[in-house]
Every structure is written in C-alpha cells, then in structure tokens.
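1. Fold the following.
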Amino acid sequence: MIVIGAGPAGCSAAKKAAEEGAKVLLLELQSQVGGPTKSPVWVPDDFLRHEFKRAEVSEVASLHIHAVGEDLTLQAEGKIIDRQILEKLLAAEAAEAGAELWLGSPVKELLMEKEKVKGVVVESGGWREGVGGEVVIDASGSGWELSGIFRRRLGGWKREKMIFLSEYMMANALPKKEVEIWFTSYFAPGGKVWIYPLEDGFAQFGISGLRLHPDAALDEFLGVENPKRLERAVPLASFRGQLPIDDPSLPSCGEGILAVGSAASQTRVFSSGLSLVLECGEIAGEVAVDSITEGDTSKEGLLPYEKRWKEKFLGELRAERVLHKSLSVAWDRRFRELVRLAREDAELQRSLLCLMEGREVGRALLRMVERKEVEEILGEEAAERIKALLRGGTEE
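-> Now for the predicted structure:
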C-alpha cells in the first residue's frame with residue numbers, strides 16, 4: 001500500500017494499515033514531516049490523548065467573538081497545539097506500527113494499468129522512480145500544486161470554493177489565554193481573522209476567506225484594526241494554505257485508489273477538523289487492507305470506505321456548508337444578529353463554541369437551527385436544509 005502525504009490523514013491511514021498487517025510506504029513531499037507550512041491550531045481538550053501532550057503549546061480559557069457592531073466573550077476550554085510537532089508524533093506512530101517513510105518524495109503521477117491505479121511515480125530533481133502498490137491512498141492535501149492527485153482526475157477544485165489562509169507567528173504579543181475571532185466581510189469575506197495564544201508572549205495571528213489575497217488582507221487588517229494584543233508585536237514566521245469547501249459528496253475512491261483528508265474535501269468550515277481527518281484516515285487504512293485481503297482493490301471493493309465515512313460525517317459537513325452559504329449572503333449582519341441573540345441565550349453560546357472548536361458539530365448545528373430566532377436569521381429554506389441533512393443523513 002502507498003500513502004501519499006504524511007499529514008494527519010495520511011499518518012492515520014498508514015498506521016492503521018500497518019497495524020492490520022499491510023506493507024505500507026508513506027511518501028512525504030517535504031524534507032520533513034510537519035514542515036514549515038503547518039501552523040498551530042485550536043483543538044478541544046478531549047482531542048489530546050497522552051501521546052499528543054508534547055504538541056501542546058498553550059491553554060485556552062475564553063473565546064472572544066468580534067462581529068461588526070457586536071462582541072461576545074465566552075468561557076472556553078481547549079488547547080493550542082503545534083501542528084509541526086503533532087504530525088511528527090503521528091508519523092512516528094505510523095513508523096512504529098511498521099510503515100516505511102520516504103521524505104522529499106513528491107508524487108508526480110499515478111502508474112496506470114487499464115484504467116486502474118497500480119502505483120505512483122516519484123520524481124525529485126534528477127531522480128525518478130515508479131513504485132508499485134495494490135492500493136494508493138491520496139492524503140496529499142489541497143494546498144500544493146501536486147496536491148489532490150485523485151481529485152484532479154475529477155476536474156480538481158473550483159477556485160471560488162477554496163478558502164485561502166495566511167498566518168503570522170507574532171512575538172511581543174500581550175499574554176492572554178483567550179482566542180479572539182473576528183467575522184468581517186471587509187477583510188475576510190466568507191472567513192475570519194483570529195488570534196491564538198501561544199507561550200511566552202507569542203501569538204498566532206491569521207486570516208482566511210474566499211476570493212482574497214490572504215497576505216495583503218492580513219497586513220491590511222493589522223494596520224487598520226491594530227488589535228490591542230498585537231500593538232507591539234512583530235511577525236517572526238509566516239504560513240500559507242488553502243482548503244476546499246466544495247461538495248464533499250463527490251467520489252472519494254476509484255479503481256485502486258482512495259482519497260482522504262482535504263484531498264477528499266473532508267474539511268470543516270469553522271474549525272480545524274483534525275479529529276475528522278484522523279478518523280477518516282483510520283477508515284481508509286482499514287478498508288484498504290480489507291480490499292487487499294479479499295483480492296478486490298477495484299472501486300467496488302473500496303466503496304465500503306466511502307460508505308462508512310459518509311454515513312458518519314457527510315450530513316454534518318454538507319450542513320456546515322449550507323450554514324456558511326447562508327451566512328455569506330449578508331455576512332456582517334447575520335453574524336451580528338447571531339452574536340446579539342447568543343448574548344442572552346446560554347444554549348446558543350454553547351452551540352457557537354462547539355462550532356468554533358470542531359466538537360459535536362452536527363449536534364451543535366441542529367440545536368442552532370431548531371431555534372425559531374436562528375431560523376429567521378438564516379432564512380427558512382437554509383434552516384430546513386440543515387435540519388434535513390442532520391436528521392436524515394446525506395441527501396438534501
């Protein structure tokens with residue numbers, strides 16, 4: 001088995017497959033696992049099993065939401081974790097389970113035999129090698145020219161369905177155990193601006209959105225808004241990325257190949273989605289081994305992967321996208337109304353917090369749209385679509 005990409009999804013798939021007895025080759029494009037493009041993220045407390053504690057860099061005690069004209073502070077829990085360290089820990093687990101890891105190994109194309117994937121071509125500088133495998137798992141992400149080798153065969157992602165991100169690691173920030181998030185269509189249409197607390201006066205400052213140049217937008221926000229926590233802060237490192245929020249119901253498996261993580265649009269809109277891709281990676285690794293054992297690595301033999309992950313996650317992923325689309329019609333006004341409503345509504349506060357943390361997202365969305373006041377903000381049609389997706393599964 002060949003796994004393309006040693007991010008969380010790829011490492012999870014490689015570890016599970018190796019534990020199940022497969023001979024696994026894990027290919028990483030960069031010269032190190034968790035390379036310089038991976039920035040810290042906010043995760044719930046229950047994400048951190050003991051083995052991940054080394055990736056923890058700070059605690060979160062509160063969340064402050066800035067909407068245009070409204071602000072709300074909520075008591076929150078969680079951790080900020082260093083993705084670069086986390087991914088090294090995940091890769092170490094995969095290697096301990098028996099997976100072989102090649103660094104600096106970009107996959108340029110697939111080896112094909114009568115329309116079926118039979119391996120990959122790795123090429124770097126003057127080195128080019130074809131590697132055969134019974135199943136290929138594409139966990140190559142969505143942020144690189146070489147990402148999403150499976151999805152590119154289906155036409156790739158539409159630019160208007162990509163969220164672009166830019167971040168700075170800032171020094172000399174005011175120390176505070178608080179996550180701050182701004183929702184503003186002027187600076188971040190369809191996205192947000194955030195500050196995450198790091199250790200010893202450091203902070204992670206980032207922006208995401210649709211149809212924007214993230215580097216310019218981040219600098220403009222810093223210059224115009226001048227957040228108090230960052231008045232004396234200076235950037236020491238920058239990070240860039242992009243995530244698809246297109247329809248996750250598109251195929252995620254083919255003849256001899258599976259896609260997992262952001263390469264399969266398994267992405268959250270409002271949070272990091274790490275727990276999601278780790279679980280989908282496990283499913284991919286397990287089903288791939290089963291298909292090899294049973295001698296059927298065709299699309300039909302790999303379909304149980306698609307069935308299992310979609311039964312569990314597709315409804316809430318699509319519902320989250322419906323929410324995002326509805327809010328985008330009048331981003332500032334609708335977020336302002338949600339924040340104003342939440343100020344006197346503890347249940348809505350809890351739902352918003354779960355949405356931002358990426359915890360129990362389906363339940364949080366359903367609690368939100370079942371409230372008449374929220375339905376009025378989003379519109380009846382959007383609210384009913386979200387309810388149908390969450391109550392009935394994958395179909396609108």
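
2. residues in contact with the closest residue to residue 20 other than its chain neighbours?
-> Sequence neighbours aside, residue 289 is the residue nearest to residue 20 in space, at 4.1 Å (criterion: CB to CB, 6 or more residues apart in numbering). C-betas here are computed from N, CA, C, even on glycine. Residue 289 makes contact with 1, 16, 17, 20, 21, 22, according to CB atoms under 8 Å, 6 or more residues apart in numbering.

3. Contacts for stretch 323-337, please.
-> 67-70, 183-186, 189-190, 210, 245, 269-270, 365, 369, 377-379, 382, 386.

4. gap between the two ends of that stretch?
-> Taking CA to CA, to the nearest Å as the measure, stretch 323-337 stretches 14 Å from start to finish.

5. likewise stretch 175-189?
-> Chord length of stretch 175-189, first to last residue, is 28 Å (CA to CA).

6. What's the mean pLDDT across it?
-> In this model, stretch 175-189 has an average pLDDT of 95.

7. So which elements touch the helix or strand harbouring residue 91?
-> Taking DSSP states H and E as the definition, one finds residue 91 inside helix 83-97. Using 3 or more CB pairs under 8 Å, 6 or more residues apart in numbering; DSSP states H and E as the contact criterion, the secondary-structure elements in contact with helix 83-97 are helix 8-19, strand 100-102.

8. Same list, these, but as JSON lines with mean pLDDT and mean neighbour count please.
-> Listed next are the helices and strands packed on helix 83-97 as JSON lines, based on pLDDT from 0 to 100; neighbours: other CB atoms under 10 Å:
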{"stretch": "helix 8-19", "mean pLDDT": "98", "mean neighbour count": "29"}
{"stretch": "strand 100-102", "mean pLDDT": "98", "mean neighbour count": "15"}
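
9. out of the ones you listed, nearest to residue 150?
-> For residue 150, the closest of these is helix 8-19, at 12.6 Å, according to CB to CB.

10. neighbouring contacts of the closest one?
-> Contacts with helix 8-19, where a contact means CB under 8 Å, 6+ apart, come from 1, 3-4, 6, 24, 26, 33, 86-87, 90-91, 93-94, 97-99, 137, 139-140, 260-263, 266, 274, 277-282, 284-286, 288-289.

11. Map the structural domains onto the sequence of the protein.
-> For the chain, whose domains are defined here by automatic domain parsing, the residue ranges read 2-37+83-157+247-297, 50-81+159-244, 315-392.

12. Of the contacts of helix 8-19, grab the buried ones for PyMOL.
-> Selection of buried members from those for PyMOL, criterion 16 or more other CB atoms under 10 Å:
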select buried, resi 1+3+4+6+24+26+33+86+87+90+91+93+94+97+98+99+137+139+140+260+261+262+263+266+274+277+278+279+280+281+282+284+285+286+288+289
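
13. re the thing from before, which one of the contacts of residue 289 is nearest residue 166?
-> Checking the contacts of residue 289 against residue 166 by CB to CB gives residue 16 as the nearest, at 33.1 Å.

14. dump the residue contacts of the closest residue to the closest one other than its chain neighbours.
-> Leaving out its chain neighbours, the residue that sits closest to residue 16 by CB to CB, 6+ apart is residue 285, at 3.2 Å. Shown here is residue 285, whose contacts under the criterion CB under 8 Å, 6+ apart are 12, 13, 14, 15, 16, 17, 18, 20, 22, 137.

15. ok, now residue 36?
-> 30, 84, 237, 239.

16. now do residue 31
-> Residue 31 makes contact with 103, 104 under the criterion CB under 8 Å, 6+ apart.

17. can I assume it sits in a strand?
-> No. Residue assignment for residue 31, taken from DSSP: H, G, I helix; E, B strand; the rest coil, gives coil, which places it outside any strand.

18. Report pLDDT for it.
-> Per-residue confidence (pLDDT) for residue 31: 92.

19. likewise the one 4 residues further on?
-> Here the pLDDT value assigned to residue 35 is 78.

20. how close does the nearest residue to it once chain neighbours are set aside sit to residue 55?
-> With CB to CB, 6+ apart as the criterion, residue 35 has its nearest non-adjacent residue at 7.2 Å, and that residue is residue 84. As defined by CB to CB, to the nearest Å, residue 84 lies at a distance of 8 Å from residue 55.

21. and these two? which has more neighbours close in?
-> Applying other CB atoms under 10 Å to residue 84 and residue 55 shows that residue 55 carries more neighbours, namely 23 against 17.

22. before we move on, back to that, state the distance from the residue nearest to residue 35 to residue 90.
-> When distance is defined by CB to CB, residue 84 is 11 Å away from residue 90.

23. Do you have the helices of the stretch 251-396 of the chain handy? List them.
-> Counting by DSSP state H, counting those that start in this stretch, the stretch 251-396 of the chain forms helices over residues 274-293, 299-329, 331-342, 346-357, 361-369, 372-378, 380-392, given from the N-terminal end onward.

24. Can you list the buried residues in the third one?
-> What it means is helix 331-342. Across helix 331-342, burial judged by 16+ other CB under 10 Å covers 331, 332, 334, 335, 336, 337, 338, 339, 340, 341, 342.

25. Any regions of the protein where pLDDT drops low?
-> Filtered on pLDDT under 70, the chain yields the residue ranges 393-396.
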